[in-house]
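# Need coordinates for the following:
(2 chains)
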Amino acid sequence: MDSPFISFRQVVKRFGPLTVVDHLDLDITRGEFIALLGPSGSGKTTLLMMLAGFEQATSGSIEVGGVRVDGLPPHKRNMGVVFQNYALFPHMSVRDNIAFPLKMRNTPKAEIATRVARVLDMVKLSAMAERKPAQLSGGQQQRVALARALVFEPQVVLMDEPLGALDKKLREQMQLDIRDLHRRLGLTIVFVTHDQDEALTMSDRIAVFNHGRIEQIGTPREIYELPRTPFVAEFIGETNLLSCKVEEQAGETVRLTTDGGLTLSAHAGAAGIDGGKVRVSIRPEAIRINDHAAATANRLTARILDAVYFGDHMRLVASVGEQRLIIKGDRTSEAAEVGREVALSFAASDVWVVGSCDQTSATA
Amino acid sequence: MRPLPIIKLIFASFVVIFLLGPLVAVLPLSLTDSVFLNYPISGYSTRWFKELVTAESWRLSIVNSLLIGSGTTVLATLLGTLAALGLRGKRASLLVSTLRTVFLLPMVVPAVVLGVGMQLMFARYGLTNTYLGVIIAHTVVAVPFVLVNVSSALQGVDVRLEQAAASLGAAPPTVLFSVTLPIALPGIISGALFAFATSLDEVVLTLFVAGPNQRTLARQMFATIRENISPAIVSAAAVFIVGTIVLSLAMLAIRRRMA
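Numbering: from 1, shown residues only, chains lettered A, B, ... in the order given. Presented below is the predicted three-dimensional model:
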């Protein structure tokens, strides 16, 4: 990895007795699209606000391009910020909104005109230049906010849940548009969201926040497939979290007994195994139904308790003895019938150890 | 089950009659051609309106009212807006709530009390019988109106707009002048109109601090009604009422346009 472009070192933010960001370290590479993902109150927005300069860190340092910025006021940080509610100036036209950062930089008039025209074209709003923000739809306002944050070619673009207020279809379109802009312009983007799908589809890396700390940071694939803690496993996508007792360990493979009484072969995972009790995660889509050909380590007989049609898949709930499992099934599967007995199979590598139980109770 | 709405209607009508009755009764007299302020009106003429602009005392008082009103408006709007900006977004501490109360106090303190105090103080600084003195006196009672209006307008200014402006490169004064104040402008304008109206209407403080040269329209009406009851008073009142209506309409129009 290159030397970091943005780096947070031991950053702490307290509001009175409340520690919102807790001794946090984070490095961001130039040109990277990083998503800060976490539930509300996990500190991700506060971190963004400290990077933008709207909040002061209680302690620690923030550097951008090798320069400490944590003492600089926001107007000297040269960062484009896109807010959740867009924060467009209601008394200015679209054109004046976008020209604002250029005027602040005393850009010559002619250049302002050409640059504004260029970004308006980029976000496909050239026809709306003279309108006031109130006369635009949510998606259009969002694109104006984006154009305004990009027009002055800031060193970083910060986005605080910018798509939260849009409907699903528009949001997906904007996700693709922003990702495309990121690729084309080589922008460094720090993107705050609580929507895991958004984080998975858009970013190069995801930092999962919980209680003011980063629980795990990695590519979307690492975060989804190799979660290091129960929190990450549960927050990203749906999963089956089971508490187990370790019976025997042979290299990467572990034999476990769940609290529900099942015996499983599992992968040791990244969390490491210490202590006799661990938690494992099994993704619903990793479990196959009535696939007798597959040579897999784990085979169970289960009864279907519930089946919900989702269009592209079926969400099934099965019980194996006392243990309940959520399964993402084929939509055509004839097994998707409540009360039917089915054979479940999944590989040892799909049973992922995400931490010991003692650890869990400590972080929860 | 009809009586309640009917009672409401009757009650409301009485309130309206009570409030507007005196105006309706007196206003036609502004057009009388008689020298007496009573009905029946023998003939209509605009002589009393002419009197307002030709008679030295009336003319001077109108000019004074406009002069003092404008001065008060400028001063009170400036001070009230600054106060509102200063008190904005502060957590409710003892200091902030005390300051706010102090600013609003002139609304509730009896004008007579204020007047006495001001006369004593102004005499000390040579401000009695000066325009500046009257403007300061009127400003004291006009500032609360500006403060209340501008405060509520500032509450409607999203902090994130100011943060956005800062992130785009605007230094704090630029944020204030290009974002905060323009968005709060309707509130500032209605505060200014309130300040002007307050000054026009003010009699008690004027009695205490103004000299013969600073006699305002309201003060002149007050004096005239004791000395000689002339229909010119009613004409002056008519001017007042029309002026007030115009101001309120202007305020509504501005609010409508900015909203």
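
# Near chain B, which residues of chain A? Just list them.
Within chain A, the residues that sit near chain B (Cβ under 8 Å from any Cβ of the partner chain) are A:52-54, A:73-75, A:77-81, A:83, A:85, A:87-91, A:100-101, A:104-105, A:148-149, A:152, A:158. Every C-beta, even on glycine, is put in place using the N, C-alpha and C of the backbone.

# which of those residues count as buried?
Buried members of the residues of chain A next to chain B, counted by 16 or more other Cβ atoms under 10 Å in any protein chain shown: A:52-54, A:74-75, A:77-81, A:83, A:85, A:87-91, A:100-101, A:104, A:148-149, A:152, A:158.

# Go ahead and confirm residue B:135 touches residue B:72.
Yes - in this structure, residue B:135 sits in contact with residue B:72. The criterion is Cβ atoms under 8 Å, and the distance is 5.3 Å.

# hang on, the earlier thing: could you list which of the residues of chain A next to chain B belong to strands?
Using DSSP state E, the subset of the residues of chain A next to chain B located in strands is A:79, A:80, A:81, A:158.

# Quickly name whichever of the residues you listed is closest to chain B.
Proximity of those to chain B (Cβ to the nearest Cβ) peaks at residue A:81, which lies at 4.1 Å.

# What's the separation between the closest one and residue B:209?
Distance from residue A:81 to residue B:209, counting by Cβ to Cβ, to the nearest Å: 52 Å.

# same deal with residue A:306?
Between residue A:306 and residue B:209 the distance is 84 Å, computed by Cβ to Cβ.

# Then residue A:166?
60 Å.

# between the two, who's got more neighbours?
Under the criterion of other Cβ atoms under 10 Å in any protein chain shown, the comparison of residue A:166 against residue B:209 puts residue B:209 first, with 25 against 18.

# isn't that one right up against residue B:126?
No - taking contacts as Cβ under 8 Å, residue B:209 lies outside contact range of residue B:126: 11.9 Å.

# domain assignment for chain A?
Domain assignment of chain A by automatic domain parsing yields the ranges A:6-225, A:230-363.

# Could you give the average pLDDT over the lengthiest helix in chain A?
Identified as the longest helix of chain A according to DSSP state H is helix A:168-185. This predicted structure assigns helix A:168-185 an average pLDDT of 87.

# repeat for stretch B:5-22
Per-residue confidence for stretch B:5-22 averages out to 91 on the pLDDT scale.

# ditto for stretch B:45-57
83.

# tell me which residues of that stretch are tucked away?
B:47, B:48, B:49, B:51, B:52.

# do stretch B:121-133 as well
By neighbour count on 16+ other Cβ under 10 Å, the buried set for stretch B:121-133 is B:122, B:127, B:128, B:130, B:131, B:133.

# Could you work out the end-to-end span of it for me?
This stretch, stretch B:121-133, spans 10 Å end to end (Cα to Cα, to the nearest Å).

# Which strands or helices does the helix or strand residue A:241 falls within pack on?
In this structure, residue A:241 sits in strand A:240-250 according to DSSP states H and E. Helices and strands touching strand A:240-250, by 3 or more Cβ pairs under 8 Å, 6 or more residues apart in numbering or on different chains; DSSP states H and E, are helix A:230-235, strand A:253-258, strand A:263-267, strand A:277-282, strand A:323-329.
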